[in-house]
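Asker: Next one to model:
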Amino acid sequence: MPAVRRVTLADGVQLHVEETGPAGAAATVVLLHGWTLDRRIWHRQVSALVAEFGTDVRVINYDARGHGRSECTPLCAATLAQLGDDLAELLDQVAGRGPVILAGHSLGGMTVMEYAHRHPDPFARRVAGLVLVATTAEGHTHTGYGLPARITRLIRLAETTGAGVLARCGTIRPPLALVRALRPTLRWLLFGDRCEPADLRLTSSAFARASLRAIGGFRPSVGAQRRLDTLAGLPEVPIAALVGDRDRLTPPPCTDAIVQARPAAELTVCPGAGHMLMLERPAEVNAALFDVVRRALAGVPAAARTRRRGTARRSAPAAHVPAPVPRARRARAGDVS
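Answerer: Numbering: from 1, shown residues only. Below you'll find the model as predicted:
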């Protein structure tokens, strides 16, 4: 069972944090969830990391401000910049002294980029690897929801107006009746060709725990973020980027741009998958995590590591994606577990 703690940030907001593995582990993996979700979305990766690396790795999984069991955020702090600062504080308080691997999904990936932008020196000192899952460095530039451009523009107008209203609703959370009514929409928006009922229930449950202020308040900065230059200037660390080819929120062009900024990044495209790759394609996400963690551990003196448990899982064979995106591999359509 993970150890649970509350981390108090500089502005007084408390984050719900769960830690699995010893404080003295050779490396720390920090998992960051997406917008309107919570830490539970990563549950398959937490168990897989423990099984694969044993006490060599410590896993930190937390709810961002305004999400899950963390406290609501002041409206003025509902920004990506604040989330980047929150990550910096969290690492200082919880992550110890060893190398850190950051894995971010959607908003979590954008948070990682904001941390790198706002705290470049600590990033360079501490971060030994990145895993970017279904995310973007270009705001809503490529987000068309899989719909015609005219309809997308109307949706964005309604979304922007609605976000401003929701942001002023404070700690109120979505009513359960509304969440149930929205399940078909969440299924269409967030998942690809296949969706397990339990995964949709978990996603709906996470959405129900997000405050309306978080749902509406983060929208402006999420849409406006531009961090390709930050990515291009990062230190040379192992990077994996994954995307589903049915993703309606952060479609493949988002990840293509990330890989163009970081040509050495390993790109995995998951056919038939949507936005929720940790649930839809856990084997592919786990393989990417394992690879980055192994490469990070390779730089840790052997005396600092303990004997590992588990057997390495082989990733899908590589297959290059057409230029200009290099070093890509395509996950098999049947790789769902």
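Asker: Please, where are all the strands along the stretch 101-250 of the chain?
Answerer: Using DSSP state E, counting those that start in this stretch, the strands of the stretch 101-250 of the chain run over residues 127-133, 239-244.
Asker: To residue 76, which of those strands lies closest?
Answerer: Nearest to residue 76, of all the strands of the stretch 101-250 of the chain, is strand 127-133, at 27.7 Å by C-beta to C-beta. Glycine gets a C-beta too; all of them are placed from N, C-alpha and C.
Asker: If you compare the directions of that closest one and strand 239-244, what angle comes out?
Answerer: Strand 127-133 runs at 10 degrees relative to strand 239-244, counting by axes from the mean of the first three to the mean of the last three C-alpha atoms, to 10 degrees.
Asker: so what secondary structure elements neighbour strand 127-133?
Answerer: If contacts are counted by 3 or more C-beta pairs under 8 Å, 6 or more residues apart in numbering; DSSP states H and E, strand 127-133 sits against strand 100-105, helix 107-118, strand 239-244, helix 282-297.
Asker: Adding mean pLDDT as columns, could you present the strands of the stretch 101-250 of the chain in a markdown table?
Answerer: As requested, these are exported to a markdown table (pLDDT from 0 to 100):
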| stretch | mean pLDDT |
| --- | --- |
| strand 127-133 | 98 |
| strand 239-244 | 98 |
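Asker: Output the lowest mean pLDDT helix or strand found in this structure.
Answerer: Within the chain, no helix or strand scores below strand 328-330, which has a mean of 50 by mean pLDDT, DSSP states H and E.
Asker: picking up where we left off before, please name whichever of the helices and strands packed on strand 127-133 is nearest to residue 83.
Answerer: Closest to residue 83 of these is helix 107-118 (C-beta to C-beta; 4.3 Å).
Asker: tell me what that closest one is packed against?
Answerer: strand 27-32, helix 80-94, strand 100-105, strand 127-133, helix 228-232.
Asker: Quick one: end-to-end distance for stretch 111-129.
Answerer: Its start and end residues considered, stretch 111-129 measures 15 Å (C-alpha to C-alpha, to the nearest Å).
Asker: list the helices and strands the lengthiest helix in the chain packs on?
Answerer: The single longest helix within the chain, with elements called by DSSP state H, is helix 149-167. Contacts defined by 3+ C-beta pairs under 8 Å, 6+ apart place helix 149-167 against helix 212-217, helix 219-224.
Asker: any idea which of those helices is most buried?
Answerer: helix 212-217 (a mean of 24; mean count of other C-beta atoms under 10 Å).
Asker: low pLDDT regions in the protein?
Answerer: The chain contains residues with pLDDT under 70 at 301-337.
Asker: middle-most residue in it, spatially?
Answerer: Closest to where the C-alpha atoms of the chain average out (C-alpha atoms, centre = their mean) is residue 105, at 1.7 Å.
Asker: any idea how far that one is from residue 56?
Answerer: 23 Å (C-beta to C-beta, to the nearest Å).
Asker: Equivalent analysis for residue 164, please.
Answerer: Taking C-beta to C-beta, one finds residue 164 at 47 Å from residue 56.
Asker: again with residue 286
Answerer: Remark: distance between residue 286 and residue 56 (C-beta to C-beta) = 16 Å.
Asker: more crowded one of residue 164 and residue 56?
Answerer: Between residue 164 and residue 56, residue 56 has the larger neighbour count (other C-beta atoms under 10 Å), namely 22 against 12.
Asker: sorry, back to before: of all the helices and strands packed on helix 149-167, which one is nearest residue 62?
Answerer: helix 212-217 (14.2 Å).
Asker: Lovely, talk soon.
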